[in-house]
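Q: Fold the stuff below for me.
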Amino acid sequence: MKVLVIGGGAREHALCWKLRESPLLRDLYCAPGNPGIGEIADLVPLAAEEVHRLADFAFEMQIDLTVIGPELPLTLGLADELTARGLAVFGPSQRAAEIEGSKVFAKQFMERHGIPTAPFVVAHSAAEAQAARGKFGWPAVLKADGLAAGKGVVIAQDAAEFDAAVQAVFEERRFGMSGERLVIEAFLEGEEVSFMALCDGTRVLPLPLAKDYKRIGDGDSGPNTGGMGSHSPAGVVPAETAAAIVESVMQTTVAGMAAEGRPFTGVLYAGLVLTAEGPRVLEFNARFGDPEAQVILMRLEDDLLPLLGAGAAGNFDVRRLSFRKEAAACVVLASPGYPGRPVTGEVIRGLDRAALLPGVEIFHAGTAQVTPAGAEEGDIVSAGGRVLSVCALDADLRGALRRAYAAVAEIDWPGKVFRHDIGRRVLDQG
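A: Presented below is the predicted three-dimensional model:
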C-alpha cells in the first residue's frame, strides 16, 4: 500500500515509525514531515493546512490510505476533500471533527447524550461572561471555543484572574475567531488521564490509557503546554473503571455522533479527570494525542496499517487490539522560552548515541536540518517549541522512565527544557 501521513510532529514521526513495520507497506510519504521522519519516509513539502494541494497530491500519486495527524487539517475538511476524490482516509470529516474544533459543540453534545462532564455555561460576550463570574466557585475554568494550540484554557483562581481572562478573549481578541464564544465551567479535582480509541464510524477499539503532563514545570507548575511527557499504562485507573469509560464515554460518543449525522472515523480522544464522583470528560480531541500517541504506539503489537485501513473502510475486522505488557514512557524536550516565545536555531547533538540505548526511540517534532552560525552541515537544530520526544520501553514504569531519562542525558543540547518528574507521582502512589 501507498500511505500518506499528514503532519510534522513527534506524533506523526511515531505513526510513520509504526507504519514502516508493516509488510503491507510499499511507499510511505509524509507532509510536511521533519528531519527524523525523513529518515523513514519520503517528505512532501506541503503544509498540513494546504487542504486542496494535499488532496491533489494524494489523487495524483494514487495514495491507498491517508492518515491525518493534526487537528487543523481535520477541522478544515481535508478528510472530506480526500473522500470526494474517492480516496481512503483515516480521520474524521469536518462535521465530525467539530467535537474538537468547538468546545461549545462538545459540551452541548455531552449534555444531549448524558456523557459525564463539568457543569458549564456558554458566554457570547464579555457581559455574559461577567454574569457567570463566581457561578461555579473558585477556581473556575474558561475555554475559548475554537482551536487555540493548547493555549485557550485558563484556570482562574479568583475574580481578578477571571476578569483578565475575559478581557483577553473578548476585548484583546487574543484568540481571534476561536474566542468568539467562551465556555465557563466548574473546576474538577482529580487525576487527569487520556483515553483514546480507534473508530470506524460505529465501533470502537480502545487503546491503553495514558497519562499526559501538561504543565511546563516540575510539580505541575507554570503554564499549560501541548504536553511535556506521558506514560502508558496510566497507572491510576482500575480495569473496571476503564471498561466503564469505554461504554459510558467512548461508545456513547460514537453512537451519538452517528445519530446526529456526523459518523466518526478516526481516533477519538477523551481527556478525563477522575473525580470522587467518577470519571468526567474535560475535552474531546479528534485525533491521537501528542505525546500520548508515542507511548501507545510503542506498546501496540498489532500491525497498524491494516487496522487503519479497515477503520477508513468503516469495517474493523478485529474486536480487540494487542499490546505489550511493558510500560512506555516519554520525556519531551522543549526550547527555552516555550510555551511563550521559544528560542530556535540551537544545535542538538548526541541523538544517535541516545537512540542506541536499550528500548529507546526518539521522535522528532520541532527540528530542522539547517546550518546556522556555529553549526556543521547536517546538524539538527531546534525549530519549534516542543522539539523531541524521548521515549523508552521497559518491564515497568520505573524502568521505562529510567531509560528515557538516561537517553535525555546523552543528548547534547545545553538549552533543552524538560520536566524531571514525569511519572513520579504515580510511582509514589504505587
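Q: The most centrally placed residue in the chain: what secondary structure?
A: Nearest residue to the geometric centre of the chain (CA atoms, centre = their mean): residue 289, 2.0 Å. Per DSSP: H, G, I helix; E, B strand; the rest coil, the secondary structure class of residue 289 is coil.
Q: Pretty sure it sits against residue 272.
A: No - using CB atoms under 8 Å, residue 289 is not in contact with residue 272; the gap is 11.7 Å. C-beta coordinates here come from the backbone N, C-alpha and C atoms, glycine included.
Q: Now do the shared contacts for these two.
A: residue 194 (CB atoms under 8 Å, 6 or more residues apart in numbering).
Q: Quick one: residues contacting the residue nearest to the centre of the chain.
A: Contacts of residue 289 (CB under 8 Å, 6+ apart): 11, 194, 196, 210, 212, 227, 230, 269, 271.
Q: can you check residue 65 too?
A: By CB under 8 Å, 6+ apart, the neighbours of residue 65 are 1, 2, 3, 4, 88, 89, 90, 305, 308, 309, 312.
Q: Against residue 2, how distant is it?
A: 8 Å (CB to CB, to the nearest Å).
Q: Repeat that for residue 251.
A: Residue 251 is 33 Å from residue 2, by CB to CB.
Q: Could you do residue 54 as well?
A: Counting by CB to CB, the gap from residue 54 to residue 2 is 14 Å.
Q: more crowded one of these two?
A: Of the pair residue 54 and residue 2, residue 54 is the one with more neighbours under other CB atoms under 10 Å, namely 25 against 15.
Q: and that one, what helix or strand is that in?
A: Using DSSP states H and E, residue 54 maps to helix 51-60.
Q: Mind giving me the packing neighbours of that helix?
A: strand 2-7, helix 78-84 (3 or more CB pairs under 8 Å, 6 or more residues apart in numbering; DSSP states H and E).
Q: Ignoring the adjacent residues along the chain, who's closest to residue 143?
A: Using CB to CB, 6 or more residues apart in numbering and skipping residues adjacent in sequence, the residue nearest residue 143 is residue 183, 4.3 Å away.
Q: oh sorry, the question was meant for residue 260
A: residue 109 (7.7 Å).
Q: on contacts alone, who are the packing partners of the strand or helix carrying the one you found?
A: With elements taken from DSSP H and E, the one containing residue 109 is helix 103-113. Judged by 3+ CB pairs under 8 Å, 6+ apart, the packing partners of helix 103-113 are helix 98-101, strand 120-123, strand 182-186, helix 252-259, strand 278-285.
Q: any chance of these in TSV, with distance to residue 152 too?
A: Listed next are the helices and strands packed on helix 103-113 as TSV, based on distance: least, CB to CB, whole Å:
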stretch	distance to residue 152
helix 98-101	12
strand 120-123	14
strand 182-186	9
helix 252-259	21
strand 278-285	10
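Q: mind listing what's buried in the lengthiest helix in the chain?
A: Using DSSP state H to define each element, the chain has its longest helix at helix 397-410. Using 16 or more other CB atoms under 10 Å as the test for burial, helix 397-410 gives 397, 398, 399, 400, 401, 403, 404, 405, 406, 407, 408, 410.
Q: do stretch 1-17 as well
A: Buried residues in stretch 1-17 (16+ other CB under 10 Å): 1, 3-17.
Q: Domain parsing of this structure, as residue ranges.
A: As given by automatic domain parsing, the domain ranges for the chain are 2-93, 125-180, 190-312, 327-429.
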